[in-house]
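Trainee: Build me a structure from this.
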Amino acid sequence: MFTLIVNSVAGVITDEVFDSLAMRNTIQLGVDAVFVMIGLLTLRRWVDLVPLALFIVIGYISSIKGNGLSIVFFANGSRDFISLLFIPPIIRYFNENEFRRQRFIRAFDRWLFLFLCLQFPTIIFQFLKYKAGDHVGGTLGNLNSGNISILIYLISFYLIRKRFDPDHFFYSLYQNKIYLILLLPTFLNETKVSLVFLVMYFGLLITIDRKFFVRMMYIFPAILVVLTVGIALYTHFTNQAEFDVTDPEFIENYLLVDPDEADGGAKCEQSR
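Mentor: Residues are numbered from 1 along each chain as shown. Next up, the predicted model:
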């Protein structure tokens, strides 16, 4: 948990206090090493090594054989994934014992809620300082605006779902309004997929059963209102009020990737 917390807040501290990308990379390297170490210590079954083996095989075929990249290039790019591959044995360790499992879930949920709360002032500060853009990455720091928006929606949904009663939809939303309030920072950066997550967030709270169509008769109009407000907030804070997000051209330009631009960006990155 300590390592997870360090990894979650190191970005903004190294950016704003020390202004050092090298320090952030060093901390990230240390965090990865700790996760690998803990993963090896909790390793009990060979099946937990399957994700690592598949990663190496697929990476070798696609990167080295397929694209002619060097082993050093492949190894350097693997840093973002290597610690994640050792998560399965760690999770299995906690699930093997009910006491450890419950203790871990309580601690993990507390940290997730605190993590959401930290994003609110951090993102507002970054927005006021840098305006909407890549710098608005919350406690993860610069260039993590997309990552932080995705995490905010995932964490908020996870926490509210554990306390949500679909038979009393609006009352449950009111009772858990803090998780909805903590979604607001996602409209202060240019992560356009947040509009998609907003619809999915409320849609996935609806239980599909015999009462589904009855619920939709009064829930769907409310979702449209929330989406309209979300679009208004996004276009206002990101200075893109001239765009209509319901226009197919907007969707094509801002939510879909242009193959030519993607190819050009890849070539530019490779040349660098």
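Trainee: now the helices for the stretch 151-272 of the chain?
Mentor: Listed in chain order, the helices of the stretch 151-272 of the chain (DSSP state H, counting those that start in this stretch) span 169-175, 177-181, 194-203, 212-237, 248-254, 259-271.
Trainee: Rounded mean pLDDT for the longest one, please.
Mentor: For helix 212-237, the mean pLDDT works out to 69.
Trainee: before we move on, what about the fifth one?
Mentor: Helix 248-254 carries an average pLDDT of 60.
Trainee: what do you get for the shortest one?
Mentor: For helix 177-181, mean pLDDT is 92.
Trainee: For it, which residues meet the burial criterion?
Mentor: Y179 (16 or more other CB atoms under 10 Å). For every residue, glycine as well, the C-beta is placed using N, CA and C.
Trainee: One more: the first one?
Mentor: Within helix 169-175, the residues scored as buried using 16+ other CB under 10 Å are F169, S172, L173.
Trainee: Put together JSON lines for these, with distance to L159 on each row.
Mentor: What follows is those, written out as JSON lines (distance: CB to CB, whole Å):
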{"residue": "F169", "distance to L159": "17"}
{"residue": "S172", "distance to L159": "13"}
{"residue": "L173", "distance to L159": "13"}
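Trainee: Now tell me what touches stretch 124-135 from outside.
Mentor: Contact with stretch 124-135 is made by 12, 136-138, 142-145, 185, 188-190, 237-239, as judged by CB atoms under 8 Å, 6 or more residues apart in numbering.
Trainee: Among the residues you listed, which one sits closest to I123?
Mentor: I123 lies nearest to P185 out of these, by CB to CB, at 3.8 Å.
Trainee: tell me the contacts of the closest residue to the closest one other than its chain neighbours?
Mentor: Spatial nearest neighbour of P185, chain neighbours left out: I123 (3.8 Å); criterion: CB to CB, 6 or more residues apart in numbering. Residues in contact with I123 (CB under 8 Å, 6+ apart) are V136, G138, I148, P185, L188, N189.
Trainee: before we move on, what about L49?
Mentor: L43.
Trainee: If we go by neighbour counts, what in the helix or strand harbouring M37 is buried?
Mentor: Element membership for M37 (DSSP states H and E) is helix 21-41. Neighbour counts over helix 21-41 (16+ other CB under 10 Å) mark R24, I27, Q28, V31, D32, V34, F35, I38, G39 as buried.
Trainee: Scan the protein for its longest helix.
Mentor: helix 98-130 (DSSP state H).
Trainee: where does A222 sit relative to G203, distance-wise?
Mentor: 11 Å (CB to CB, to the nearest Å).
Trainee: ah, wrong one, I meant D134
Mentor: Taken as CB to CB, the span from D134 to G203 is 29 Å.
Trainee: When the two are compared, which one has more neighbours?
Mentor: Counted by other CB atoms under 10 Å, D134 and G203 do not tie: D134 has more neighbours, with 16 against 12.
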